[in-house]
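**Student:** Coordinates only, no sequence provided:
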């Protein structure tokens, strides 16, 4: 039963909505505000102030209140002219007012005594200073989007132009096939950002990643903001809002084609090293956009009130992808390991010495007798593992396969103005993306899709110059079905039957295959299959009331979230084989994981039964109040309070399971929960088909967190005409994403899942051909339960900045940003043993007393992080042919878990020892984007009178580019095996000294000192800290050279040559960090070599 508190919250939000609302939507519009005074400084009430958009001709008129204050909002971003009139004073006209997305621009006016018919015109640009609010924000403009070279032309690639953004090459969350790049902003995780389009939701809920990515020719600009007022929420990271272009009074548009071909590119660094040629590559990106007034001859003329815009883009990408992997040598497939330096030991000969170490006898000649080779695993090896085609034991398989990616996008928008009081808009985006990626083994291709439908509509109503209502509706529908396609004629059931393996279900979504993986080698991976469909309806708005010097806003909003999903994991199944089974503790670097596989002794099994299907639903409610108080002409205080619901999602079929773990003072206890009728046998009652057992947590099996109150405060003080000091602080909550309920759907009893550790003792206790425990049994239950008492993650943030206007079109911001982030979610071993020991693992697990002996990586929000940074930003608007956006960040992120399932922790009972650099910590980062029209040709400083050949050859040239320099991220040393015997798949080693080599000594074959770390003794923890290795930094310079030909007054043709990684400098990937593997200390990947793209653009 839904309790009274739920209905109270609903009533509160409905009342809030009756006033208007605006919540998870970002403000896509802008505002102009100011005070009108006379020459003596006295305020002038009832003065008329008119703002006119110079592109559309649409104007808005307000009057000043008794305090002489006016605010004109909401206004579409663009260029504006401001006209101020009042009886007895000369009319004042201010031109050159540039409104960017979300900006609040202060334009005060001092009127001179005289006749209204007299005019005083100010043509200089209005001040760029941010004097009215304290968010840490920046805008990437239309000219930067169109002209800065971006490989693949996805707007998210330019997020790095904002200070505090970290472009990391280590994924924390889910991106998409459209080329979207996820970034960390101001020390938050990559999935902690909120993406909106025209103020409505544009996220994919599963891992909170960006939804649709419109063509860059369709984007007016986008704004990245942190430390926001109470209007903004849903994320502790950045609010990233895209503003789609609107039509203007005149027809404008573009037609373009961007072309790439491997013949223009440099060869890859590792390809040169291995004497390989370039792989075939083709990329075509083409499209058109247009916008203007809606005019239907003889029927309708909307030149000054109705505007339309549309954009379409196609993208075709073909590449002969070269991949490399490590596979066993041919003699090894028959048991002959005589060519390897590692001694192979017989698992059946194991004994414990006086120290509790496992001592074994070696196979004679390092050869496993044919009679000892498991026939089932030999079948898997022969049918699914390819032979090497290159010499050596590392990266000895090289495969070039054809990849393809297709994308089509369409965007349309209509804006209409009903007189002075009402404006409406409607916008749609349709995106279709498909991808075909072959596997290096040659047995299957991954077929993926990422389709998005996103619709937005808005209505603004002006009750009076001091009372404004803004309402928006949004519908977002990301959809990414994907299944592998097999080319070898084999089936999942056939492979399992041939191997005589009955551990795994013979059916899985997409017929996905079991993955048999010897540690450090290419496995028999069968690919993953999943389908995730989001359907979100969002209603939000905002009511603004101006009283004296107070600009007050009251808002509320509601989102109805729907996510339907089906998965192959964990039913597809995993069997891992470790080196430890064929090693001996008295011989260093002994054993081989492929030998363990041939013998048929798995170290770790994950399996499930049935295909999980989820139908998740969630109510998301929020509300806020904000007061922007202009205390004096120089001082503005922003005060706000925000509330966000933390209501948990549920499954419409009530097919969720979870585990409640408690501690009674003597030990840990665990109790199973289920949301519907239990199809399995209840371990307590011994009966099947038992009724729901929710233990007071409701059908979501997790407690809703309804106490998410987020106060915000900001102070902006304008010291003089060119300097502003800003300070802000607040609490920011991250909204629930669907990863948690997804994992509850994969838990017992509706998807019986088991994670089992085997063969940890002196002699093997389990063969791959054994059946394993019954799925009806709870002993080996595995999966990803969630702490039902998890709270909403939140961040306490603060900032202090000084902004200085250097020129009329240039500002610099310098300041400090800090945050303390609490209740971060991460996955840890819920059923590990508390201390290392040689004793059998299962009886020592902390939940063994409750009957659970399986591995579980459960979700808990016990993790924390901190961020401190110095930041600087230089902004120069486009003038005299030059535009610059540059930033520098010197910061540090510390945490004890950097992502959901990173596995940074070593001992789940003492995570304080894992406090270290975050995996996405970047100490130094400098980025600059620039646009520069060379000063030669018509309309420029030199050659304004050129004609004919001179203009065609020497005029109209431009240079554009982006430079990115940053320190390296950190990597974590790992043992690869459970040396401590606590149930964790990998721990950290013992560190003898600093493993980082001087830069001049680093090579791709030995990036760090591989002898600086050694395996800890069995049944002990390693002493190495987390993330002690530093990867290569980044040094990227992309440039373009453009030549524009003027064809007529408003028509031009532009030819562009764009070079990505212009210096052809390799930035190396992360080295292998698992001890005793072939890839240890070795780097096998680097950023792409120089790539050249040609483009032709027609603009009108």
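**Tutor:** Nice, thanks for sending it over. What you are looking at is a predicted structure, and each value in this text was computed from that prediction instead of being measured.
**Student:** drop to CA atoms for contacts and neighbour counts, all remaining ones
**Tutor:** OK.
**Student:** quick one: low-confidence parts of the chain?
**Tutor:** 1-27, 123-126, 169-179, 526-528, 903 (pLDDT under 70).
**Student:** per-domain residue ranges of it.
**Tutor:** Listed by automatic domain parsing, the domain ranges of the chain are 18-122, 133-249.
**Student:** Let me have these in a markdown table, extended by distance to residue 430 and mean neighbour count.
**Tutor:** Shown next, in a markdown table, are these (distance: least, C-alpha to C-alpha, whole Å; neighbours: other C-alpha atoms under 10 Å):
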| stretch | distance to residue 430 | mean neighbour count |
| --- | --- | --- |
| domain 18-122 | 20 | 20 |
| domain 133-249 | 8 | 24 |
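**Student:** right, and those - which one's nearest residue 435?
**Tutor:** domain 133-249 (7.3 Å; C-alpha to C-alpha).
**Student:** re the thing from before, redo the domains of the chain as a markdown table? Include distance to residue 403.
**Tutor:** Formatted as a markdown table, those follow (distance: least, C-alpha to C-alpha, whole Å):
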| stretch | distance to residue 403 |
| --- | --- |
| domain 18-122 | 37 |
| domain 133-249 | 13 |
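**Student:** What segments of the stretch 301-450 of the chain are helices?
**Tutor:** Taking DSSP state H, counting those that start in this stretch as the test, the helices found in the stretch 301-450 of the chain are 375-384.
**Student:** mind listing the strands for it?
**Tutor:** 306-325, 345-352, 358-362, 397-418, 422-438, 444-449 (DSSP state E, counting those that start in this stretch).
**Student:** out of these, which comes closest to residue 770?
**Tutor:** Of all the strands of the stretch 301-450 of the chain, the one in closest proximity to residue 770, counting by C-alpha to C-alpha, is strand 345-352 (16.9 Å).
**Student:** So which elements touch the closest one?
**Tutor:** For strand 345-352, the contact count by 3 or more C-alpha pairs under 8 Å, 6 or more residues apart in numbering; DSSP states H and E identifies strand 358-362 as packing neighbours.
**Student:** Spell out which strands sit alongside the strand it packs on in the sheet and which way each one runs.
**Tutor:** Here strand 358-362 has these sheet partners by DSSP bridges: strand 345-352 (antiparallel).
**Student:** So which residues make contact with the partner strand?
**Tutor:** 357-363, 581-584, 590-591, 762-764 (C-alpha atoms under 8 Å, 6 or more residues apart in numbering).
**Student:** try stretch 745-757
**Tutor:** Here stretch 745-757 makes contact (C-alpha under 8 Å, 6+ apart) with 570-571, 603-614, 655-658, 674, 678-680, 775-776, 780-785, 854-856, 983.
**Student:** cool, stretch 936-951 as well?
**Tutor:** 880, 881, 935, 954, 955, 956, 957.
**Student:** buried set for that stretch?
**Tutor:** For stretch 936-951, the neighbour count (16 or more other C-alpha atoms under 10 Å) marks 936, 937, 938, 940, 943, 946, 951 as buried.
**Student:** Helices of the stretch 851-1000 of the chain, residue ranges please.
**Tutor:** Applying DSSP H, counting those that start in this stretch to the stretch 851-1000 of the chain gives helices spanning 948-954.
**Student:** actually the chain, not the one I wrote
**Tutor:** For the chain, the helices defined by DSSP state H occupy 4-19, 142-147, 269-273, 375-384, 492-499, 593-599, 739-745, 841-844, 948-954.
**Student:** Need these in CSV (columns: distance to residue 731).
**Tutor:** Below are those laid out as CSV (distance: least, C-alpha to C-alpha, whole Å):
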stretch, distance to residue 731
helix 4-19, 21
helix 142-147, 32
helix 269-273, 46
helix 375-384, 53
helix 492-499, 50
helix 593-599, 49
helix 739-745, 23
helix 841-844, 41
helix 948-954, 55
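**Student:** Of these, which is nearest residue 319?
**Tutor:** Per C-alpha to C-alpha, nearest to residue 319 of the helices of the chain: helix 269-273, 14.9 Å.
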